[in-house]
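S.K.: Structure for this input, please:
(chains A and B)
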Amino acid sequence: MKFPKIDFDKMKNEGTSSVTPKERRQFLKLGLAIAGVYAGGKVLSLTSIVGTAHASGGGTLVEKYPYNPHYSMVIRQSLCIDCEKCVDKCNETNDVPEYGYRTRILTKKYTGSLDRQVEFIPVLCNHCNSAPCVRACPTKATYKDPVTGIVRMESKKCIGCKTCMLACPYDARYFSASRRAVDKCDFCWEKRLSKGETQTGCSSACPTGARTFGNLTDPENIVYKLVHQLEETIWVLRPADDTKPNIFYMKGNMRSVDNILNEQKFKLRTPANT
Amino acid sequence: MSRTMVDISKKWGFHGVEALKNASPMYKFTMGIFALLALAGVTVGLHGMIKGYHHVYGVTREISWGLLISTYIFCVVTSTGLCIISSIGHVFGGEAFMPIAKRAVFMSIVFMFGGFCIIFFDIENPFRMAIWNVLSPNFVSNMWWMGTLYGLYLVFMVIEYFFLLEQNHTLSRLMGFFGLLVGIAAHSNLGAVFGMLHGRPFWYGPYLPIYFIFSAAMSGGCAILFFTTLGWKINPEIMNQRMERAVKAVTQITIFLISVIIFFTIWKIITGMVSEGKELVIMSFLTGSYAINFWVFEIFLGMFLPLYLLIRSRGNNFNLIMWATGLMMVGIFFMRYDIVIPGQMESVYHSLGVEEAAQMLTYTPSFHEIMASLFGIAFIAFAYFAGEKMLNGHQLEKHEIVPEGGYICPGCGAIHFMEEGETEEEAMKRHHRIW
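M.R.: As a prediction, this is how the structure comes out:
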């Protein structure tokens, strides 16, 4: 079979105006996926959804999330000032004993950088979509809530083998002697969300908005808006473990977040809005 | 009733408490020491249980499996290994291995019990386990399979041992086969408990489930040799021509298995050195905080010394075999420890480069953990010494050693059968004619 010869020089230039916004967006997404791979190394990559779909960065933005409400948290790392109000609030809300914690703030120091010398990284249970702890538990004492996707504990079933503590790649679990079970973050489901509140203890206590909690299925929700954009890099911790976490990280300084929230100034001009 | 008891004990070679009473004072003293140790262990363990393990154990949130888990693994590895090696004889018909079966199966059960004793003090809610393991099983959890299959394994081994005593060799063989099958499944699942934790690069992968099986076989060979030669020290009568041949055969296979484990270890180290997730742990073995564990105990005591001594013993210097395998047991204990603890020493946030996870995590076993582990070990030792006397050195009946019409070949040591009208010499010539 012979391929027809195309003379590119003699072809008419169609210009960029004829590219539909949809095509253009897909091209950009592809670019993000590739950039994500190169820039990411260890921490940069995005995964959220069960199976092959991804929140972004995998080439497509997902249309449908497996849970509704799909609770998620975006941590805007640049905004964290290590005041630990979130940790205190968490301990107080969930009766966390002295020897344990459900969330903490890690410190990363830099030398040689011109702007920041230190970064604070809040960590908590990532409520992974494919949670290693849920698979490891012999008695289904820890499980993925079928509605909200929150990884929860049914304390009475916990035999205390501690396999989940080792299975967790985020060190999010500890054994609570008073509960006689492993304890972990449940996005304050028991103490707040199930009682009608919309924010977790930590996100409500955060004075800077570093912890942004919300519903990933609601296009009006801030978490949705922060995740569904291409301008700022979003990553998750330990992506190589392929746990599809629901805690997203971004630098998230105020200006870029304002852009995102103000209907995204970098939005493409389409025939409809011109 | 008492008549039946007498019959059974005669049939089973059961010498009962009488035999213990007749034991030498030294023997009684040794048993007493182990009984006291076990008693002390269980007392301290119960104290820890009442007080709350997080007050008395050295394990932490990050290093949540400590000495107890590694001792448990030591016990169940040895138990599975005893089952594997002994099955060569009484399940698959390898004649040379047959005489070791009784002692091996007995010790396999004892080691399994010892393991369960230890895990009892590690699991925070052992009583819940019995309920929720049944009512709420998670079929994708290796931990569930491991626990359930080991429970089943113990049942098969006990039934098998009963039929061995009953001299019902068809059923004991069948049960032995199921026991082996379930034991291997359980044991590789134990490896997979570690091997499927994908957040822990040192453990993750198919290496551990496979390694565990070979390592178990090695431990089993070592344990059989140690307990048989120690049994010979206790009662020299247990050695006969067939037993000597069995010891020789087990020595050979143990030498082979040590070489296999050396091979495994070499590649674990070499591949680990180029893996980002494993390198720190591997370097701590080679030059860091686990160097003594690794070089002195795991490599020297666990592999090279026994390899050298076993080869030197030629399989018939029982004293040498006893020392080699006794030291090897100590080495193997450290091998297990070196799987469990170092796998947790690198914090999951280490690669993130944060201050909190910059240092390697450390763990030191606490007094309570050591005592609770000793409970299991001392129980095993006590049961061994008691079994050696009460079960009359696990000796085989005459017809089990040499079936009717057979004789032990002076040339090869195997059992040959004479055809009608044949002399032993003729039969031997017939068996060993050169084609």
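S.K.: Show me where the chain has its strands.
M.R.: Since no chain was named, I'll use chain A. With DSSP state E as the definition, chain A shows strands at residue ranges A:71-76, A:104-109, A:118-123, A:142-144, A:151-153, A:173-176, A:181-184, A:211-215, A:247-250.
S.K.: I was after chain B.
M.R.: Chain-ordered strands for chain B, with DSSP E as the definition, fall at B:406-408, B:415-417.
S.K.: rewinding a little: tabulate the strands of chain A in TSV, adding columns for mean neighbour count.
M.R.: Glycine gets a C-beta too; all of them are placed from N, C-alpha and C. Compiled in TSV, those are given as follows (neighbours: other Cβ atoms under 10 Å in any protein chain shown):
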stretch	mean neighbour count
strand A:71-76	26
strand A:104-109	16
strand A:118-123	19
strand A:142-144	22
strand A:151-153	23
strand A:173-176	23
strand A:181-184	24
strand A:211-215	23
strand A:247-250	23
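S.K.: between those strands, which gets nearest to residue A:223?
M.R.: Closest of those to residue A:223 is strand A:211-215, at 3.4 Å (criterion: Cβ to Cβ).
S.K.: CA atoms only: put that closest one into PDB for me.
M.R.: Only the C-alpha atoms of strand A:211-215 are listed here, as PDB (Å, rounded to 0.1, in the frame of the first residue of the first chain):
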ATOM      1  CA  ARG A 211      -7.300  23.400  54.300                       C
ATOM      2  CA  THR A 212     -10.100  23.600  51.800                       C
ATOM      3  CA  PHE A 213     -12.700  21.000  52.400                       C
ATOM      4  CA  GLY A 214     -15.600  20.300  50.100                       C
ATOM      5  CA  ASN A 215     -17.500  18.100  47.700                       C
END
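S.K.: other SSEs contacting it?
M.R.: Here strand A:211-215 is seen to pack against strand A:71-76, helix A:201-205, helix A:222-227 when contacts are counted using 3 or more Cβ pairs under 8 Å, 6 or more residues apart in numbering or on different chains; DSSP states H and E.
S.K.: was I right about residue B:23 contacting residue B:389?
M.R.: Yes: under the criterion of Cβ atoms under 8 Å, residue B:23 makes contact with residue B:389 at 5.5 Å.
S.K.: Can you check the pLDDT for residue 170?
M.R.: You didn't say which chain, so I picked chain A. Model confidence at residue A:170, expressed as pLDDT, equals 91.
S.K.: that's the other chain; I wanted chain B
M.R.: In this model, residue B:170 is scored at 81, pLDDT.
S.K.: in chain A, what residue is nearest chain B?
M.R.: The shortest separation between chain A and chain B is 2.4 Å, found at residue A:160 (distances taken as Cβ to the nearest Cβ).
S.K.: Output the below-cut-off pLDDT ranges for the stretch 251-400 of chain B.
M.R.: Per-residue confidence of the stretch 251-400 of chain B (counting by pLDDT under 70) places the weak regions at B:393, B:396-400.
S.K.: if we compare the helices and strands packed on strand A:211-215, which one ends up closest to residue A:129?
M.R.: When the helices and strands packed on strand A:211-215 are compared by Cβ to Cβ, strand A:71-76 sits nearest residue A:129, at 10.3 Å.
S.K.: what lines up beside the closest one in the sheet?
M.R.: According to DSSP bridges, strand A:71-76 has the following sheet partners: strand A:211-215 (antiparallel), strand A:247-250 (parallel).
S.K.: so what's the closest residue to chain A within the stretch 301-435 of chain B up against?
M.R.: Nearest residue of the stretch 301-435 of chain B to chain A (Cβ to the nearest Cβ) works out as residue B:354 at 4.0 Å. Neighbour list for residue B:354: A:106-108, A:121 [criterion: Cβ atoms under 8 Å, 6 or more residues apart in numbering or on different chains].
S.K.: Check residue B:388 too.
M.R.: With Cβ under 8 Å, 6+ apart as the criterion, the residues that contact residue B:388 are B:231, B:234-235, B:394.
S.K.: how much space between it and residue B:113?
M.R.: Residue B:388 sits 16 Å away from residue B:113, taking Cβ to Cβ, to the nearest Å as the criterion.
S.K.: repeat for residue B:185
M.R.: With the distance defined as Cβ to Cβ, residue B:185 ends up 20 Å from residue B:113.
S.K.: next one: residue B:424
M.R.: Separation of residue B:424 from residue B:113 (Cβ to Cβ) stands at 44 Å.
S.K.: that older thread, could the contacts of residue B:354 go into TSV alongside pLDDT and distance to residue B:60?
M.R.: Formatted as TSV, the entries for those read as follows, by pLDDT from 0 to 100; distance: Cβ to Cβ, whole Å:
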residue	pLDDT	distance to residue B:60
A:106	92	17
A:107	92	20
A:108	90	22
A:121	92	21
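S.K.: could these go into TSV alongside distance to residue A:70?
M.R.: TSV is the format used below for the contacts of residue B:354 (distance: Cβ to Cβ, whole Å):
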residue	distance to residue A:70
A:106	26
A:107	30
A:108	29
A:121	23
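S.K.: So for residue B:23 and residue B:389, which residue has more residues nearby?
M.R.: Neighbours per residue (other Cβ atoms under 10 Å in any protein chain shown) separate residue B:23 from residue B:389, with residue B:389 holding more: 22 against 18.
S.K.: Was I right to think that one contacts residue B:30?
M.R.: No: Residue B:389 is not in contact with residue B:30 according to Cβ under 8 Å; the separation is 11.2 Å.
S.K.: now what about stretch B:206-213, what contacts it?
M.R.: Residues outside stretch B:206-213 that contact it (Cβ under 8 Å, 6+ apart): B:77, B:80, B:84, B:184, B:187-192, B:194-195, B:261, B:264, B:268, B:339.
S.K.: Would you mark the buried spots in that stretch?
M.R.: Along stretch B:206-213, the positions that meet the burial threshold by neighbour count (16 or more other Cβ atoms under 10 Å in any protein chain shown) are B:207-209, B:211-213.
S.K.: For chain A, state which of the residues you listed is nearest.
M.R.: Sorting the buried residues of stretch B:206-213 by how near they are to chain A, with Cβ to the nearest Cβ, puts residue B:208 at the top with 13.3 Å.
S.K.: Tell me how many other residues surround the residue nearest to residue B:38 when sequence neighbours are not counted.
M.R.: Once its chain neighbours are removed from consideration, residue B:38 has its nearest residue in residue B:378; the separation is 3.9 Å (Cβ to Cβ, 6 or more residues apart in numbering or on different chains). Counted with other Cβ under 10 Å, the burial measure for residue B:378 works out to 23 neighbours.
S.K.: For the stretch 151-300 of chain B, list the residues in contact with chain A, please.
M.R.: Applying Cβ under 8 Å from any Cβ of the partner chain, we find that the stretch 151-300 of chain B lies next to chain A at B:193, B:196-200.
S.K.: Residue ranges in the stretch 1-150 of chain A under the pLDDT threshold?
M.R.: Under the criterion pLDDT under 70, the flagged ranges of the stretch 1-150 of chain A are A:1-6, A:8, A:14-63.
S.K.: and with 90 instead?
M.R.: In the prediction, the stretch 1-150 of chain A carries residues with pLDDT under 90 at positions A:1-70, A:76-81, A:84-85, A:95, A:98-100, A:111-117, A:129-130, A:146-149.
S.K.: ok, which residues in it are in contact with chain B?
M.R.: Taking Cβ under 8 Å from any Cβ as the test, the list of the stretch 1-150 of chain A residues beside chain B reads A:42-43, A:99-100, A:104, A:106-109, A:121, A:123, A:132, A:135-141.
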